[in-house]
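**Q** Sequence isn't available, so here's the structure alone:
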């Protein structure tokens with residue numbers, strides 16, 4: 001196929017989008033509805049995953065050290081904790097700071113009593129350890145327990161296991177929902193494109209009757225599919241973005257009261273645009289090619305029926 005033929009067929013693809021604008025609009029609207037549902041579900045699960053991550057960060061392990069551990073021994077112990085795999089953050093909590101915080105939680109008379117009874121601090125030094133991946137919670141805690149100069153370790157294994165189970169369950173639900181929506185999208189779009197191609201079967205038959213090759217006939221439809229996919233993806237992104245920002249604005253007071261922060265949509269805008277356009281192009285081009293194949297073999301039979 002020559003360069004002039006490619007230019008001609010590309011122009012035909014753009015022209016056909018406008019000439020058959022009602023069917024093009026129908027295809028774009030159907031595809032947009034499906035993409036908006038997929039995008040909205042994806043952003044919902046992204047925020048749920050972010051919330052779980054914040055809860056996981058609060059599920060820390062407190063490593064209390066023996067009273068004899070001081071000075072260089074504390075520094076060495078901190079280095080040993082940081083060297084353990086799956087450790088995200090280590091914060092040293094001195095017994096003086098911990099006792100001061102404890103006194104602040106008491107009533108004034110009670111705090112005064114403890115200060116007057118003894119100047120000794122009944123708390124040990126500790127390390128506040130944040131675990132990176134809760135899937136390996138037990139192994140990480142075991143590694144911490146194997147260190148020297150450990151007094152006790154306070155950890156919440158039940159909460160860690162529940163968080164892991166919830167995250168896995170949400171991931172499975174998200175995959176199933178997106179997959180179902182995608183399958184429904186393909187089914188609806190393929191039927192819409194089938195109607196589009198059927199309405200132009202005479203045009204295809206005329207092109208075949210004058211000797212046009214299958215590739216020559218297909219190319220404008222491929223261009224149309226790409227155009228419809230790009231338009232659907234871009235417009236769908238704008239709709240999802242608008243709906244998302246509207247929802248955040250409506251629930252802003254609730255999120256503020258719960259000390260929660262929604263994920264900025266801009267962080268996912270470009271990846272989502274790429275995915276939307278890819279889905280649109282694949283559905284548009286693929287649906288056109290598959291549906292059109294039955295008409296490419298008729299070679300003028302539609303003319304004879306007119």
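**A** Yep, it's here. Note that the coordinates shown come from a computational prediction; the quantities given were computed from them, not determined experimentally.
**Q** Test for you: state the pLDDT assigned to residue 207.
**A** At residue 207, the pLDDT value in this model is 74.
**Q** Surely it is in contact with residue 216?
**A** Yes - counting by CB atoms under 8 Å, residue 207 does reach residue 216; the two are 7.2 Å apart. (Glycine included, C-beta is placed from N, CA and C.)
**Q** Distance of the residue nearest in space to the middle of the chain relative to residue 171?
**A** With distances taken as CA atoms, centre = their mean, the residue of the chain nearest its centroid is residue 46 (4.7 Å). Here residue 46 is placed at a distance of 12 Å from residue 171 (CB to CB, to the nearest Å).
**Q** Run a quick neighbour tally on residue 91.
**A** Using other CB atoms under 10 Å, the number of residues around residue 91 comes to 11.
**Q** Which secondary structure element of this structure has the lowest mean pLDDT?
**A** Across the helices and strands of the chain, mean confidence by mean pLDDT, DSSP states H and E is lowest for helix 301-304: a mean of 47.
**Q** quick one: low-confidence ranges for the stretch 51-200 of the chain?
**A** For the stretch 51-200 of the chain, the stretches flagged by pLDDT under 70 are 56-59, 109-120, 122, 185-186, 188-197, 200.
**Q** still on that earlier bit, could you verify that the residue nearest to the centre of the chain is part of a helix?
**A** Yes - counting by DSSP: H, G, I helix; E, B strand; the rest coil, residue 46 is located in a helix.
**Q** Need the three-state assignment for the residue nearest to it when sequence neighbours are not counted.
**A** Of all residues beyond its chain neighbours, the one nearest residue 46 is residue 263 (5.6 Å), with distances taken as CB to CB, 6 or more residues apart in numbering. Classification of residue 263 by three-state DSSP places it in coil.
**Q** Would you confirm that residue 263 contacts residue 44?
**A** No - under the criterion of CB under 8 Å, residue 263 makes no contact with residue 44, lying 10.3 Å away.
**Q** Share the number of residues neighbouring residue 265, please.
**A** Neighbours of residue 265 (other CB under 10 Å): 19.
**Q** how about it, phi and psi?
**A** In terms of degrees, to the nearest 10, the main-chain angles of residue 265 are phi -60, psi -30.
**Q** which residues touch it?
**A** Residue 265 sits next to 43, 240-241, 244-245 when contact means CB atoms under 8 Å, 6 or more residues apart in numbering.
**Q** and with 6 Å instead?
**A** 241, 244 (CB atoms under 6 Å, 6 or more residues apart in numbering).
**Q** count of residues packed around the spatially closest residue to residue 143 that is not a sequence neighbour?
**A** Nearest residue to residue 143 in three dimensions, chain neighbours excluded: residue 84, at 4.8 Å (CB to CB, 6+ apart). Using other CB under 10 Å, residue 84 has 17 neighbouring residues.
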